[in-house]
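Trainee: the sequence and its predicted three-dimensional model are supplied below.
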2 protein chains.
Amino acid sequence: MRGLLPVWRHAGGGSVSAPFASSRRALPARVTLAHGGGGSAMRDLIDGVFRAAFADDGALPAAEDQARFDLAALAAKGDRLAFTTDGFVVDPLFFPGGDIGTLAVCGTINDLAVGGAVPVALSCAAIVEEGLPVEVLRRVAASMAQAARAAGVPIATGDTKVVARGACDKLFVTTTGIGVVRAGLDIGIDKARPGDVILVNGLLGDHGAAILNARGDLALETAIESDCAALDGLVAALIASAPGIRMMRDATRGGVAAVLNELAEASRVGVSVRELDLPIRPEVTGFCEILGLDPLYLANEGKLVAVVPAEEADAALAALRAHPLGRGAAAIGRVSDGRPGRVVMETRFGGARVVDMLVGDQLPRIC
Amino acid sequence: MRGLLPVWRHAGGGSVSAPFASSRRALPARVTLAHGGGGSAMRDLIDGVFRAAFADDGALPAAEDQARFDLAALAAKGDRLAFTTDGFVVDPLFFPGGDIGTLAVCGTINDLAVGGAVPVALSCAAIVEEGLPVEVLRRVAASMAQAARAAGVPIATGDTKVVARGACDKLFVTTTGIGVVRAGLDIGIDKARPGDVILVNGLLGDHGAAILNARGDLALETAIESDCAALDGLVAALIASAPGIRMMRDATRGGVAAVLNELAEASRVGVSVRELDLPIRPEVTGFCEILGLDPLYLANEGKLVAVVPAEEADAALAALRAHPLGRGAAAIGRVSDGRPGRVVMETRFGGARVVDMLVGDQLPRIC
């Protein structure tokens, strides 16, 4: 069994060796400091929660304190290894459409995917507050396992720390991903050119709205769900349809506005978007108006911004719309030869306003 | 400049593009929630703290939200990619001999090294409490950069989250490492055989003692320093001297006792160690006696346990002692055909006692 299980650090920096059957103990209802101590309690927690959820995830046999991958097999997929990390501190842990576990898996898969990489594996480092119900950890681990399996990306190695009550808020999860960048693919935030078309793959702002609503700040009658999803399949279809694609970026913290500002600055181009072309739910538009928020800055967890040459825009849009995660795809604007670094929105009333990079975020702990 | 800088996520899941000179702002004295918000404040923090420290770390040019490494170059170093992660929550952040930054870098380098991998790069995901002095972050980043440079391992990508005051205790850092396992090397915690010799590379328990002392729990007159160090160079020398080496493991949480128990269980062998052969400072022995602790369970951050065939033990010991981080190396015991999974210590008084795996740790937040 051991060879099929992912590695999980538990003691002395060590991997979890196959426990003797007799050493399995039932877990208590809540996490204690001993569960982070590197001893048998930690092994019980890791075995009973994380390994139980992540088993059969397809990780390579590994007897050491690290997952291992055959380099020749990786090189067969592309020419460059991609490596990215992201910490998740979302509050609340569970929300309509997902939880911190789905976010942590999908978020890092998306970071790999939008860089042009085929995801290979994830690691997961959890920091747990003493007293957290073990059942909460189980639900999060199950969500992670489900999201990882759906994407075919194993959670191959991990770590668990427990801190005293009050030293962290329930649970933080950091995932790191490795992937292989498709050979010959040359995309980048600095590669947009005037005339290029800017696409998104669907409704914007749902994640931010779902988190706000889950915190009870809105009391909306319609529950908006987070759009949390792994975009690697969608990205593969998009690249195949638009081989000249310039860049992709997932529009998480800071929303579409942050991505547009970044690409305008990095590519030293202007960007213009049309408010009427932005796919946004009426409910999201509505509560943004009430709260003084701008949906362009709301976080998404299953939406990307892509820039493609004008001649490939139709094919790209069709490819996105043909994918289950891109049905609501839209062309939202153009790269222009306007002032480099400036993002301008043509408003629904025919005016124009600058879309700046925000100083902070509209909402803390959105992911 | 940008191509030389490591990637750091800041907005919309994005990499940090080269900021316009005019967009650089002086940082405030303390971290605010805006610094985690995905906007320009976050970029200022990342530019002013992390990128300022990690620049010139040798990461490959990367325009995307991920570091990238040439797979052919990796394959030239070995046949398998190693991947490991570890969260650091040590309290206090600064202690004699190191801080959370040196721990986070050395700890993950060591996890790669003891698995037989040559470290290639690290990622760093920081979770910061609102109100943390920016100067604290700067010191930690400087420590990370220094430790990474000394080991020749770049910090290639990162992420920063800020949570509200009280939602985490100052600062947590998760590092993930990739490395390449030497071709043909076949080591593992399950490969110890009766007759093998067990080695350590020096004084045990210093890290645990240093942390305890830094918390003010001891008030020792002599300040014991953490042994925090990157062991990749030592490991290379050890492997070269003992090509038949069975396993290595860094003795962190749970100390040497945890490693010995794990290897006894995984290899289904007995382990016997001699108390008189354990290299332990008199001060550490002394305070352990006073506090009722056992130095064999104290955490180390620059010590490994290695198991080598008897015929290679002398060469291995000599190689360890010839290295600056192995001057105090010692053979501490043997793998035996005793009861599988049991670790027995011959005490200084000639008796014998079982060294069990602890249920938890003696000290929370030791790393």
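Mentor: Sure thing, it's come through.

Trainee: contacts, neighbours, all on C-alpha from now
Mentor: OK.

Trainee: and A:Leu122, how far is that from chain B?
Mentor: For A:Leu122, the distance to chain B (C-alpha to the nearest C-alpha, to the nearest Å) stands at 9 Å.

Trainee: what strand or helix carries that residue?
Mentor: strand A:117-129 (DSSP states H and E).

Trainee: quick check: buried residues in the helix or strand that that strand is followed by?
Mentor: As assigned by DSSP H and E, the chain's next helix or strand after strand A:117-129 is helix A:134-151. With burial defined by 16 or more other C-alpha atoms under 10 Å in any protein chain shown, the residues of helix A:134-151 counted as buried are A:134, A:136-149, A:151.

Trainee: average pLDDT for stretch A:249-256, rounded please.
Mentor: Looking at stretch A:249-256 alone, the average pLDDT works out to 94.

Trainee: can you list the strands that the strand holding A:Leu122 pairs with?
Mentor: In the sheet, strand A:117-129 lines up against strand A:155-163 (parallel), strand A:171-181 (antiparallel) (DSSP bridges).

Trainee: domain ranges for chain A?
Mentor: Chain A resolves into domains spanning A:2-181, A:197-354 when parsed by automatic domain parsing.

Trainee: distance from the last one to the middle of the chain?
Mentor: It refers to domain A:197-354. 15 Å (C-alpha atoms, centre = their mean, to the nearest Å).

Trainee: that domain near chain B anywhere?
Mentor: Yes. Using C-alpha under 8 Å from any C-alpha of the partner chain, domain A:197-354 reaches chain B at A:249-256, A:258-259, A:262, A:265-266, A:299.

Trainee: over to stretch A:37-52?
Mentor: Yes. Applying C-alpha under 8 Å from any C-alpha, one finds stretch A:37-52 touching chain B at A:Gly37, A:Gly38, A:Gly39, A:Ser40, A:Ala41, A:Met42.

Trainee: and these, which of them are in helices?
Mentor: A:Ser40, A:Ala41, A:Met42 (DSSP state H).

Trainee: would a markdown table of these with neighbour count be doable?
Mentor: What follows is those, written out as a markdown table (neighbours: other C-alpha atoms under 10 Å in any protein chain shown):
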| residue | neighbour count |
| --- | --- |
| A:Ser40 | 26 |
| A:Ala41 | 25 |
| A:Met42 | 28 |
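
Trainee: just to revisit the earlier point, B:Ala352: which of the strands paired with strand A:117-129 is closest?
Mentor: Comparison of the strands paired with strand A:117-129 against B:Ala352 by C-alpha to C-alpha identifies strand A:155-163 as nearest, at 33.1 Å.

Trainee: what does the closest one contact?
Mentor: Applying C-alpha atoms under 8 Å, 6 or more residues apart in numbering or on different chains, the contact partners of strand A:155-163 are A:6-10, A:31-37, A:46, A:54, A:57, A:59-60, A:66-67, A:121-130, A:145, A:148, B:83-89, B:364-365.

Trainee: ok so, going back, restricted to strands, list the residues of domain A:197-354 next to chain B.
Mentor: A:Arg249, A:Asp250 (DSSP state E).

Trainee: so of the residues of domain A:197-354 next to chain B, which ones are in helices?
Mentor: Counting by DSSP H, the residues of domain A:197-354 next to chain B contribute A:Gly255, A:Val256, A:Ala258, A:Val259, A:Glu262, A:Glu265, A:Ala266 to helices.

Trainee: give me the number of residues near the fourth one?
Mentor: Which is A:Val259. For A:Val259, the neighbour count with other C-alpha atoms under 10 Å in any protein chain shown is 28.

Trainee: A:Leu291 now?
Mentor: 10.

Trainee: for chain B, see how far away it is.
Mentor: For A:Leu291, the distance to chain B - C-alpha to the nearest C-alpha - is 18 Å.

Trainee: and that residue, what's its pLDDT?
Mentor: On the pLDDT scale, A:Leu291 gets 83.

Trainee: now it. Its backbone dihedrals?
Mentor: phi -90, psi 0 (degrees, to the nearest 10).

Trainee: what does A:His35 give?
Mentor: Dihedral angles (degrees, to the nearest 10) for A:His35: phi -70, psi -10.
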